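**Student:** Any chance you can model this:
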Amino acid sequence: METPLPDVHWADRDGRWTYIAGQLLPVYNNLMKNRPELWRATLAAPVSVRITEQRMIARLPDMLRSMTSILAITVN
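**Tutor:** Numbering: from 1, shown residues only. Model (predicted):
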């Protein structure tokens, strides 16, 4: 399982802005253009709610479901 964490040190200004301009902004613009209803709903939600929804404990059931969907047990 891979976690898509950015390979950037947030204190490094150049690296941070390269990541923002090259990774975050294109996704934001794509969402705004192609899924405006989701874009509006996301921006309307308070930051504290969005953070809580993205915590690992809140996402654990989905992560476990994803991991077990590709799990294969072989008995010899």
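**Student:** and residue 22, how many neighbours?
**Tutor:** Summarising burial for residue 22: neighbours were counted as other CB atoms under 10 Å, giving 9. C-beta here means a position set from N, CA and C on the backbone, and glycine is covered the same way.
**Student:** let's number from 130 now, not from 1
**Tutor:** From this message on, residue numbering opens at 130, which makes the last subject residue 151.
**Student:** From residue 191, how far off is it?
**Tutor:** Shown here: residue 151 relative to residue 191, a distance of 27 Å by CB to CB, to the nearest Å.
**Student:** For residue 197, grab the count of nearby residues.
**Tutor:** Neighbours of residue 197 under the rule other CB under 10 Å: 8.
**Student:** just residue 202 next, same as before
**Tutor:** Residue 202 has 4 neighbours, counted by other CB under 10 Å.
**Student:** tell me the contacts of it?
**Tutor:** Applying CB atoms under 8 Å, 6 or more residues apart in numbering to residue 202 gives no contacts.
**Student:** Quickly note the distance from it to residue 189.
**Tutor:** 21 Å.
**Student:** quick one: average confidence on stretch 151-164?
**Tutor:** Over the span of stretch 151-164, the pLDDT mean works out to 94.
**Student:** Tell me how far it lies from the chain's centre.
**Tutor:** Relative to its chain's centre, stretch 151-164 lies at 13 Å (CA atoms, centre = their mean, to the nearest Å).
**Student:** do the same with stretch 141-160
**Tutor:** When C-alpha coordinates are averaged (CA atoms, centre = their mean), stretch 141-160 and its chain have centres 13 Å apart.
**Student:** how about that stretch: buried residues?
**Tutor:** residue 148 (16 or more other CB atoms under 10 Å).
**Student:** Work out for me the element residue 158 sits within.
**Tutor:** Following DSSP states H and E, one finds residue 158 within helix 154-163.
**Student:** Just the buried residues of the next helix-or-strand element following that helix, please?
**Tutor:** Scanning forward in sequence from helix 154-163, with DSSP H and E defining helices and strands, the next element found is helix 165-173. Buried residues in helix 165-173, defined by neighbour count with 16+ other CB under 10 Å: residue 168.
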